[in-house]
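In: Fold the following, please.
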Amino acid sequence: MKITNTISGKKEEFIPIKDGEVKMYVCGITPQSEAHIGHAMSYINFDVIRRYLEFCGYKVHHVQNITDIDDKIINKAAVLGITPGELVTNNIASFKADMDSLNILRPHEYPRATEEVPQIIAMVQGLVDKGLAYPARGSVYFRVTGLADYGKLAHRTLDQMMAGARIEPGEEKEHPMDFVLWKATKPGEPSWESPWGLGRPGWHIECSAMSLRYLGAQIDIHGGGQDLIFPHHENEIAQSESYSNQKPFVKYWLHNGLLRLGEEKMSKSIGNIVSIKEILSKYSADTLRLFVLSSHYRSPLTFSTEALEGAEKGAERLQQAFQSTSDGQNVADTNLSNFRERFIAAMDDDFNAPQATAVLFDLVRDMNRLRDEGSDTTLHHTLLGELGGVLGLTFRGRTGDVGGAEPFIQLLLDIRQELRENKQYALADGIRRRLEEQGIILEDGAGVTTWKTRPS
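Out: Below you'll find the predicted structure:
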C-alpha cells in the first residue's frame with residue numbers, strides 16, 4: 001500500500017509505527033452551525049480510508065475532535081441569544097445524526113475541547129517551561145523562532161510565511177508568526193482558571209493535547225482538509241514535537257481536496273453552504289457517497305445538480321443489482337478473484353476510490369450478464385456487498401423512501417445490538433421480525449448491521 005504524504009509530497013509505502021495497528025486522528029468540526037456537504041466530503045473520504053485499513057486487517061484507533069469553544073461559536077450564540085453550550089450541544093447532536101445517515105463509522109473517541117482543558121493547560125505549561133512559549137497579558141504564545149524546521153509541512157520558510165502576517169490589536173507577540181496557545185478571557189466569555197489567569201484554549205493546541213492523550217506522542221495518520229495544512233497542522237507539528245521531544249509527531253499526513261461551488265470554495269464565511277440534511281432530503285446517502293468518491297480524495301470536487309443526478313443513477317444501478325440475486329442452475333463463468341484483486345490494487349494506490357468504484361460497476365455488469373444467462377450470481381452478490389461495504393455503501397434508497405423513519409430504524413438497530421451483546425437473542429430476533437413485517441430487511445455484517453427496504 002502506498003499513500004501520498006503531504007510532508008514529503010511523495011507516495012510512500014505505508015508501514016505503521018506498530019505492526020498491525022494504525023493510530024488515526026482526523027480534525028473535526030467547530031459546531032457553530034449544522035454540517036454541510038463540505039464536511040460530508042471530508043468525512044466520507046476518511047471513513048473509506050479507515051474502512052479499507054480495517055479491511056486489510058489493521059486494528060484502527062480513530063480519534064476525531066470537536067472544537068466546541070472559539071470566537072465564532074461565542075459570537076453566533078450571542079446573536080441567537082443562547083449560551084455557547086446550548087449552541088454546540090444542538091449542533092453536535094445534529095452532526096452525529098448526519099454522519100450516521102451517511103453511514104460514516106463513528107470515531108472511537110469524540111473528545112471535546114472544553115472537556116480537555118486540564119490536559120491543554122499542562123501542555124501549554126510544558127512549552128513555557130521549555131522556553132518555547134511565553135505569557136503576555138494573560139495569553140500564552142508559541143515562539144516560532146525557536147524552531148529551525150517550522151514550515152516543513154507547508155514547504156515554506158518563515159520569511160515566506162511572513163507575507164500578510166501582522167500583530168493584531170491587543171496582542172503582545174514577540175514575532176508576527178507566533179501563535180496563541182492560551183487566550184486571555186474577555187468579559188462575558190466562557191473561561192477557565194490557569195496559571196496565567198482566566199482564559200480558554202487556542203485552536204491549535206486543542207488537537208495536539210487530544211492526540212497526545214488518546215493516541216500518544218506519535219501517530220500514523222493525521223487527516224483533514226487541505227485548508228488546514230497551514231497554519232493549523234503546521235502549528236500542531238511545532239507544539240507537539242516541541243513538547244514531547246519525539247519526531248515525527250505524525251508519520252503520514254493526508255489532506256483531502258476541497259469542495260467547490262462553481263469557482264468558489266464552499267465556506268461559512270462566504271455563505272454558499274448546502275447542508276447535509278438538504279441533500280439527504282432529495283438523494284440517498286449512497287448517491288452522495290458516489291458523488292464524493294467520483295474524485296480522488298486529494299483532488300478538488302465541484303458540486304452540481306448534474307453530478308449528483310449522475311451519481312444517483314449509479315447508486316440505483318448498484319442497489320438494483322444487490323437486491324436482485326439469481327440462483328440459476330448454470331455455474332457462473334467468471335474469475336471473481338480478478339475483481340477483488342483490481343479493487344485492492346486501486347485502493348492500495350493512495351486509496352484510489354474512483355478506480356475501486358469502477359470495479360464495482362464492472363462486477364455488476366458481469367452479474368447482469370450471468371443472470372441473463374440463467375447462471376447463479378450468489379458469489380457475485382457476496383463480493384459486491386463486501387467491496388461495497390469497504391466504500392461505505394448501503395445499497396439503500398434515500399431516507400424519504402421509508403417515510404422519514406430512518407432515525408427510528410437506527411434506534412431499533414442500536415437497541416437490537418445491545419440486546420445481542422447481552423445475549424438476549426430472542427428479543428433481538430423479535431426486533432428483526434417486526435421490522436421485516438414493515439418491509440425493512442436487516443443484514444448483519446462484520447461488526448455492523450445495515451438495512452434496506454424490501455423491493456416493491
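
In: which SS state does the nearest residue to I229 once chain neighbours are set aside fall under?
Out: Excluding the flanking residues, the one nearest I229 by Cβ to Cβ, 6 or more residues apart in numbering is A154, at 5.6 Å. C-beta coordinates here come from the backbone N, C-alpha and C atoms, glycine included. Classification of A154 by DSSP: H, G, I helix; E, B strand; the rest coil places it in coil.

In: How many residues are close by A154?
Out: Using other Cβ atoms under 10 Å, A154 has 17 other residues around it.

In: Equivalent analysis for D444, please.
Out: Neighbours of D444 under the rule other Cβ under 10 Å: 12.

In: show me where pLDDT drops low in the stretch 351-456 of the chain?
Out: Residues of the stretch 351-456 of the chain meeting the criterion pLDDT under 70: 398-404, 445-448, 452-456.

In: ok, which stretches of it are helices?
Out: Assigned by DSSP state H, counting those that start in this stretch, the stretch 351-456 of the chain shows helices spanning 353-372, 378-390, 406-421, 425-437.

In: contacting residues for N5?
Out: Neighbouring residues of N5 by Cβ atoms under 8 Å, 6 or more residues apart in numbering: 11-12, 251-254.

In: Go again with 6 Å.
Out: By Cβ atoms under 6 Å, 6 or more residues apart in numbering, the contact list for N5 reads 12, 252-253.

In: State the distance from it to R166.
Out: Going from N5 to R166 by Cβ to Cβ, to the nearest Å gives 32 Å.

In: for I120, same thing?
Out: Taking Cβ to Cβ, one finds I120 at 26 Å from R166.

In: Those two: which is more packed in?
Out: Between I120 and R166, counting by other Cβ under 10 Å, I120 is the more crowded of the two (24 against 9).

In: ok, the more buried one touching S208?
Out: No: using Cβ atoms under 6 Å, I120 is not in contact with S208, being 8.5 Å away.

In: looking at this structure, which helix or strand does the model trust least?
Out: strand 264-265 (a mean of 65; mean pLDDT, DSSP states H and E).

In: these two touch, right, the residue nearest to I229 and E234?
Out: Yes: assessed by Cβ under 6 Å, A154 is found in contact with E234 at 5.3 Å.

In: next one: phi and psi at the closest residue to A307 other than its chain neighbours?
Out: Once flanking residues are discounted, A307 sits nearest to F291: 5.8 Å by Cβ to Cβ, 6+ apart. Main-chain dihedrals, F291, degrees, to the nearest 10: phi -60, psi -50.

In: isn't F291 right next to E312, touching?
Out: No: counting by Cβ under 6 Å, F291 stays clear of E312, with 8.5 Å between them.

In: Compare those two and say which is more crowded by neighbours.
Out: Neighbours were counted for F291 and for E312 using other Cβ under 10 Å; F291 has more, 26 against 20.

In: And the residue lying closest to S194 once chain neighbours are set aside, which helix or strand is it part of?
Out: Leaving aside its sequence neighbours, S194 sits nearest to I121 (Cβ to Cβ, 6+ apart; 5.3 Å). If you go by DSSP states H and E, I121 is part of helix 117-129.

In: got the buried residues for that helix?
Out: Neighbour-count burial for helix 117-129, counted by 16 or more other Cβ atoms under 10 Å, picks out 117, 119-121, 123-125, 127-128.

In: So which of the residues you listed is the closest to P84?
Out: Ranked by distance to P84 (Cβ to Cβ), the buried residues of helix 117-129 are led by V117 at 14.3 Å.

In: Look up how far I49 lies from the residue lying closest to that closest one once chain neighbours are set aside.
Out: Closest residue to V117 apart from its sequence neighbours, by Cβ to Cβ, 6+ apart: W192 at 5.0 Å. Separation of W192 from I49 (Cβ to Cβ): 35 Å.

In: where exactly do the helices run in the stretch 101-250 of the chain?
Out: Going by DSSP H, counting those that start in this stretch, the stretch 101-250 of the chain shows helices at 117-129, 158-161, 203-215, 234-244.

In: And the second one, how far out from the chain middle?
Out: Just to be clear, that refers to helix 158-161. Helix 158-161 has its C-alpha centroid displaced from the chain centroid by 31 Å (Cα atoms, centre = their mean, to the nearest Å).

In: For it, the averaged confidence score.
Out: In this model, helix 158-161 carries a mean pLDDT of 86.

In: Please apply the same query to the last one.
Out: Averaging the model's pLDDT scores along helix 234-244 yields 98.

In: packing partners for the helix or strand following it?
Out: Next helix or strand after helix 234-244 toward the C-terminus (DSSP H and E): strand 250-256. The contact analysis (3 or more Cβ pairs under 6 Å, 6 or more residues apart in numbering; DSSP states H and E) places strand 250-256 against strand 2-5, strand 219-225.

In: Apart from its neighbours in sequence, what residue is nearest A315?
Out: Computed as Cβ to Cβ, 6+ apart, the closest residue to A315 that is not its neighbour in sequence is D286, at 4.1 Å.

In: Can I take it that the one you found is in a helix?
Out: Yes: assigned with three-state DSSP, D286 falls within a helix.

In: Show the pLDDT at it.
Out: Looking at D286, the pLDDT reads 96.

In: same check, this time on L259
Out: You'll see L259 listed with a pLDDT of 93.

In: Also E316?
Out: E316 carries a pLDDT value of 93.

In: Please convert the helices of the stretch 351-456 of the chain to TSV, extending it with mean neighbour count.
Out: Listed next are these as TSV, based on neighbours: other Cβ atoms under 10 Å:
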stretch	mean neighbour count
helix 353-372	18
helix 378-390	18
helix 406-421	15
helix 425-437	13
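
In: what's the closest of the ones you listed to G262?
Out: helix 353-372 (22.0 Å).

In: ok now the closest one, how far from the chain's centre?
Out: Taking Cα atoms, centre = their mean, one finds the center of helix 353-372 at 27 Å from the center of the full chain.

In: Repeat that for stretch 15-32.
Out: Centroid displacement of stretch 15-32 relative to its chain, using Cα atoms, centre = their mean, is 10 Å.

In: same question, stretch 412-429
Out: Computed by Cα atoms, centre = their mean, the separation of stretch 412-429 from the middle of its chain amounts to 28 Å.

In: End to end on it, go ahead and measure it.
Out: Length of stretch 412-429, first residue to last, Cα to Cα, to the nearest Å: 12 Å.

In: can you list contacts of that stretch?
Out: 431, 449.

In: mind putting the buried residues of helix 117-129 in CSV, distance to E54 included?
Out: Output for those, formatted as CSV (distance: Cβ to Cβ, whole Å):
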residue, distance to E54
V117, 32
Q119, 28
I120, 30
I121, 35
M123, 30
V124, 35
Q125, 37
L127, 35
V128, 40
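
In: I'd like those residues written out as a markdown table, with distance to M1 and pLDDT added.
Out: Output for the buried residues of helix 117-129, formatted as a markdown table (distance: Cβ to Cβ, whole Å; pLDDT from 0 to 100):
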| residue | distance to M1 | pLDDT |
| --- | --- | --- |
| V117 | 38 | 98 |
| Q119 | 33 | 97 |
| I120 | 34 | 98 |
| I121 | 39 | 98 |
| M123 | 33 | 98 |
| V124 | 37 | 98 |
| Q125 | 40 | 98 |
| L127 | 35 | 98 |
| V128 | 41 | 98 |
